[in-house]
Structure formats: C-alpha cells, structure tokens
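> Sequence and predicted structure, then a few things I'm wondering about:
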Amino acid sequence: MRPTRRATLGLAIASLACIVVAADAAASPIPVASRLTAVATANPKAPGISSPNVLSPQLREVSVAQGSTRLENGTAAVPFYGYLGNGPMLPLPAAPTTEATKTEPDKNTYLVFPHGLKGADPAYGYGTHFVFQGHEAGSPGSLTRVNLDADGAHRVTLLANTDTSGANLPPIDGSTWDPFSKRLLLSFEGGGGGGIWDATPEPPATVRNLQPFIGRGGFEGMQIDSDGTLWFVEDVGGASGTGANSAARRPNSFIYRFVPADRTDFAKGGRIQALQVLDQAGAPITFNAGLTPDQAAFTDQVRQLHTCGADLRTNWVTLATTTAASALPGPDDNALAKAMGATPFKRPENGQFRPGTGFRQFFFDETGDTSATSTANAGFGGWGGVQQLVQDRPSSNSGRLHVFFSGDIDHTAFDNVAFFDRDHISFVEDRGDGLHTQHSALDSAFLFDVNRSYCAGRQPVRWLALGRDPSSTMDSGLLGSAGFQNEGDNEITGLHVSDGDTGPGGLLGAKDPHVFDDGWRVFFSQQHGDNHLWEVIPAASQRHED
C-alpha cells in the first residue's frame, strides 16, 4: 500500500472556489505549489518544550524511516539507521549524559530501478523504489538505502562504511545520481579534507575517493548538467571580525564545476573551475587576502553581491586540470580559487537547475552568518539569500548573476533546495541552535515563484514550520554537558523532489516536476533527534493496491 500520486488538493482549498474549471478534462491541472496555504509563523523555541511539525493544510507527512530503524545488515559499530552502537539512544537519567552518536541522515536521492536492486538478503525482492542518503555525523561514515517497497526487516540497507582503499567513509553531506556513470555522488563538507566520492547502488557498494580528480574542499550540494558537467558548491565559513563585528564573517566559499574528460568516469580527470563575478565597474570580486576580516566582510563589492535585484557579469576560471594519473591528496580547490581570482560567497550550501531552461538557469543559496547580531546582516549578506546564475548554455564560460532574494531575520540560513514545478522553488532553513534561541524560531521551508520579484517586500510561502521532537528537545538541553557529542534542535535537510528516473532525462532540471502526479514524490529529513525521513503527500490522498 502506498499513496496515489494523483493530486486532489484543489478540493481542500477554499480560495480556489472562484476558479472556473475548464470543460476540457484533459487540461493541465493547476500546479500544487501555487495552491498551498501559508503556515503563518515558525514554531517557537522554548526550553524543555517539544512541538510537532506544521505543514500547509493541503499537505501531510508520512515517516518512511527513522533513526531507530534497525539496519538489515548492520554491524556492531553501525546497527541502526540513525545511531551508532556506542551508547543508548536516549541519555541516562544520571551522569554521564552520553548517548549513542546520532548519524544524522542527510541529503536524499530518490531513484526508481524498474528491474529492482539487490540487498543483503539474496532471497528477498526489494522492489523498485529507493531513497539513498549519506550520514553527516559519526565514524565510520555511512551510505544507506531506504527500500520503500520492503517490509520492516528489510527496510534499510547499509551499503558501505569504507571506500575501495579500506579507509572509513567520512561524514557525508550531499548526494546526487550521475546517470552517465550510473553511480551515486557523495560529498564531504570537511574543509581541506573534504571532497567527493562516488558509489554503486547495491551492497556491498564500491565507493571511490575522487579527491585526486575533483579536488578538495568543504563541498555540499551537487548537480549534473546535460553535458555531464558536475556543479558543486562549498560551505566553508570565513574568519570572523573583531569587537562589534565578531559575528560577521568574511566570504570564504566558492561555486565550482568539474568538466570531466569522460563523463562516464570522473576518475579519468578533467578541468576544475570556479565562478568569478565582476562588479558593476567590471572588476573581479575576489577574496582579497590583503584585507582583514573586518574589512573584507564590508567592501562595496560584497554589498553589490548581496543587493537584491543586482545583475552582474560572470566568468568561469580554470583552477586545475587532472588526469587518470592524478593522486591523493588532490588539488586544494579553495586555495586555488582564492589564488585565481574566483569570487567568494557566504557559505553556499545547495543549488538546482531550473526545469525547462535547458540547464541555463542555476539557483543557489547562501546560508550567511546565522547570527542575529552579525553586523553584516544589513546589506552585506549576513542573512544569506538566493542567487540566480543565467548562461546561454550549461557549458558557457560567461553569464549573468542575479540576486533573486536577500534574506532577513524571518527568512535566513537557507540550505537544501528543490523545484516543485518549473516556476516554484523551495528553500529550507538551517538556522542552528544559536539563531533558534536568539530569534525564538525553529526552521521553516519556503516556496518562491521564480517569475516574481522579492526585492520590494514580497514574502515567500512558508509550507513547513519544523517542530522539535522530544529526543531533540532533550539534546538541546544537554548541549555543553561533559561527554555529550550530539546536536541540539531538529533541522530540515534532504528536501528532494524527483520522479526517480535514473537516465539522463531524469537529471534534476531536465523535465518539469509535477509534484504528487506522474510518479513525482517529495521527501525531507528531520535531522538530529529521532532523525525521521518523511515523505510529503497530499492531504486528500487516497490509497490503492499496486
């Protein structure tokens, strides 16, 4: 039993009563995204108080896995989907306040394999629908697969904890599917030790370290374009200012792409490039190592780069060329980007190509400083925001960068992203415990219409106000306790909209999404705490036998 994908939300929304339904029954339905009722406010944060998630009344959430789900082939070190085997799932009532490390399943990748995939049990049929994710915390790192058609005993499969060299996997932040190599791509947000790995989708997965070919950096979101080029973004916080500017950080992260020599195998090397933005006078906006953090966070170039409605020219600069003979540790992409005059941003985390544009429009976010006291909040990107890169072709060397949205205290710290249809893009927040407390607001997910301007006070639609489960509430109260190693408040991550197509035509951005229809499904993770993987379904959904 699983929910039908036929959207029937219109019956639930009184505001649509004035719409005249066309007599032609074959007419295209109004996109779901344009019919969602906004959630009025974020959930507040209060010590010791947990709260449920609040979704637009047209939507519901269904848990398809959670941290305590036992892996069908778990090990003593990694026995559960969301917990290592190094302690109890909840803190003991007396000291020490230790609990098992929560592995924090992160970015989700939904795929449909019509002929199914193998699992740990050779006699079991795992079905055809799967969600893959890496885990952001704990050692060893983990790659798991949620088998959506399977029973409880076979629900989650551990694909790998080590790579082909036998080294433990690092914590994994981002994931995506490469239809040209038929491999998952996994990113590690580990600064100079970070990078990208690839993996096969069945256990035991073959996992390769691609640092020699793609380079090293604090990488997170990744997308493949129609030419087979990998676009990836970096989330590395810059140095803080001093005194009154101590919460403001200098821009320190870059937008990259990797043009492979052979799009079916990244291990054959290619060109590593970084985005360079020109200011209004035509000069490159660079890291400028000669400035102090106090100076670098407040230049006129940084202001231009974060002024809503700004339109700036861009170029791609080549940082390094690698080959099949390249070896570890691989190029330091961040250092090369600074040396070659690429443009630093304030912690980009994820991006996606707009559907229907031939991979010519790329939207990406900036998380910003995640502090209500940052002196860079007013006009210098402290609240983060959304950028739109437009090029004539996906492989063009030049383009235009538009500041689509400048963040504010109620819309900030954007992280994961997904298009619900061609015209509506959703960004979710990752404010962190500190900003949750400063503003007494937990994270939210927002929907933007890319055909509208948000530079004159227009507000996006909040479709999810994340709550805080009891486990996360306890963890938040234990932060700072001796021996306590887990995170606090829940976080929205892994927002993913896909029909699961594993071919080149299924690349995110290759076709128009139709949420809840034609096989399109929506997932997100409520990271930390109980670590739920949720599927979002229409509130009026019906169920049927497959």
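Happy to help now that I have it.

> now the strands: where do they sit in the stretch 151-300 of the chain?
Assigned by DSSP state E, counting those that start in this stretch, the stretch 151-300 of the chain shows strands spanning 156-160, 174-178, 183-188, 195-199, 207-209, 219-224, 230-234, 255-260, 270-277.

> Looking at those, which is nearest to Phe523?
strand 174-178 (12.0 Å; Cβ to Cβ). C-betas here are computed from N, CA, C, even on glycine.

> start to end distance for stretch 87-105?
18 Å (Cα to Cα, to the nearest Å).

> Pull the distance from it to the chain's centre.
What separates the centre of stretch 87-105 from the centre of its chain is 26 Å, taken as Cα atoms, centre = their mean, to the nearest Å.

> same deal with stretch 100-108?
Centroid separation for stretch 100-108 versus its chain: 13 Å, with Cα atoms, centre = their mean.

> repeat for stretch 138-145
On Cα atoms, centre = their mean, the centre of stretch 138-145 falls 17 Å from the chain's centre.

> coming back round to it: could you dump the strands of the stretch 151-300 of the chain into TSV and include distance to Asn53?
Putting these into TSV (distance: least, Cβ to Cβ, whole Å) gives the following:
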stretch	distance to Asn53
strand 156-160	22
strand 174-178	23
strand 183-188	27
strand 195-199	30
strand 207-209	33
strand 219-224	23
strand 230-234	27
strand 255-260	31
strand 270-277	35
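
> Just give the nearest non-adjacent residue to Leu184, would you?
In this structure, Leu184 finds its nearest non-sequential neighbour in Ala199, 4.6 Å apart by Cβ to Cβ, 6 or more residues apart in numbering.

> Was I right to think that neighbour contacts Arg183?
Yes - at 6.1 Å, Ala199 counts as touching Arg183 under the criterion of Cβ atoms under 8 Å.

> how close does Leu210 get to Phe254?
Using Cβ to Cβ, to the nearest Å, we find Leu210 at a distance of 18 Å from Phe254.

> now do Gly384
According to Cβ to Cβ, Gly384 stands 16 Å off from Phe254.

> and what of Leu90?
Separation of Leu90 from Phe254 (Cβ to Cβ): 40 Å.

> Settle it for me: which of those two has more neighbours?
Phe254 (28 against 12; other Cβ atoms under 10 Å).

> quick one: contacts for the more buried one?
Contacts were defined as Cβ atoms under 8 Å, 6 or more residues apart in numbering; by that measure Phe254 touches 217, 233-234, 274-275, 333-334, 337, 342-345, 348.

> Most neighbours among the residues you listed, which one is it?
Most surrounded of the contacts of Phe254: other Cβ under 10 Å gives Gly217, at 35 neighbours.

> Wait, it touches Asp333, no?
Yes - with contact defined as Cβ under 8 Å, Gly217 and Asp333 form a contacting pair (4.3 Å).

> which residues do those two both contact?
With Cβ under 8 Å, 6+ apart as the test, Gly217 and Asp333 both reach 234, 254, 256.

> can you tell me which residues contact Asp178?
184-185, 198, 224, 230, 266.

> Out of the residues you listed, grab the one that's most surrounded.
Those, ranked by neighbours (other Cβ under 10 Å): first place Ile224, 27 neighbours.

> Is it possible to get a markdown table of the strands of the stretch 151-300 of the chain that adds mean pLDDT and distance to Thr286?
Formatted as a markdown table, the strands of the stretch 151-300 of the chain follow (pLDDT from 0 to 100; distance: least, Cβ to Cβ, whole Å):
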| stretch | mean pLDDT | distance to Thr286 |
| --- | --- | --- |
| strand 156-160 | 98 | 39 |
| strand 174-178 | 97 | 26 |
| strand 183-188 | 98 | 25 |
| strand 195-199 | 98 | 24 |
| strand 207-209 | 98 | 30 |
| strand 219-224 | 98 | 21 |
| strand 230-234 | 98 | 16 |
| strand 255-260 | 98 | 14 |
| strand 270-277 | 98 | 8 |
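
> give the contact list for the spatially most central residue of the chain.
For the chain, the residue whose C-alpha lies nearest the mean C-alpha position (Cα atoms, centre = their mean) is Asn416; its distance is 3.2 Å. Applying Cβ under 8 Å, 6+ apart, we find Asn416 in contact with 107, 221, 349-350, 427-428, 430, 492-496, 524.

> leaving aside the residues next to it on the chain, what's closest to it?
Of all residues not flanking Asn416 in the chain, Leu495 sits nearest, at 4.2 Å (Cβ to Cβ, 6+ apart).

> And Arg145, by the same measure?
Thr157 is the one closest to Arg145 (Cβ to Cβ, 6+ apart), at 4.7 Å.

> Could you measure from that neighbour over to Ala65?
11 Å.

> For those two, indicate the residue with more neighbours.
Comparing Thr157 with Ala65 by other Cβ under 10 Å, the one with more neighbours is Thr157, at 28 against 23.

> Do I have it right that that one meets Thr69?
No - contact status for Thr157 versus Thr69: not in contact, 11.0 Å apart, counting by Cβ under 8 Å.

> Could you pick out the longest strand of the chain?
Identified as the longest strand of the chain according to DSSP state E is strand 311-321.

> For Val461, find the nearest of the strands of the stretch 151-300 of the chain.
Per Cβ to Cβ, nearest to Val461 of those: strand 219-224, 22.3 Å.

> Which elements pack onto the closest one?
strand 174-178, strand 183-188, strand 195-199, strand 230-234, strand 348-353 (3 or more Cβ pairs under 8 Å, 6 or more residues apart in numbering; DSSP states H and E).

> Could you export the contacts of Asp178 as TSV, including distance to Pro284?
As requested, the contacts of Asp178 are exported to TSV (distance: Cβ to Cβ, whole Å):
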residue	distance to Pro284
Leu184	35
Leu185	29
Asp198	32
Ile224	27
Leu230	24
Phe266	28
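
> tell me which of the residues you listed is nearest to Asp423?
Nearest to Asp423, judged by Cβ to Cβ, of these is Ile224 at 22.3 Å.

> and the closest one, what is it in contact with?
176-180, 185, 230-231, 507.

> For Ala153, state which of those residues is nearest.
Nearest to Ala153, judged by Cβ to Cβ, of the contacts of Ile224 is Trp177 at 26.3 Å.

> now Ala335, what's its secondary structure?
Following DSSP: H, G, I helix; E, B strand; the rest coil, Ala335 is assigned to helix.

> okay, now it: neighbour count?
Neighbour tally, Ala335, other Cβ under 10 Å: 15.

> go on, Ser187?
30.

> again with the one 10 residues further on
By the other Cβ under 10 Å criterion, the neighbourhood of Trp197 contains 26 residues.

> do you know how far it is from Val32?
In terms of Cβ to Cβ, Trp197 sits 35 Å off from Val32.

> Equivalent analysis for Thr206, please.
38 Å.

> now Leu336
Per Cβ to Cβ, Leu336 is found 43 Å from Val32.

> The two - which one has more neighbours?
When neighbours are counted by other Cβ under 10 Å, Leu336 and Val32 differ, and Val32 comes out ahead with 25 against 21.
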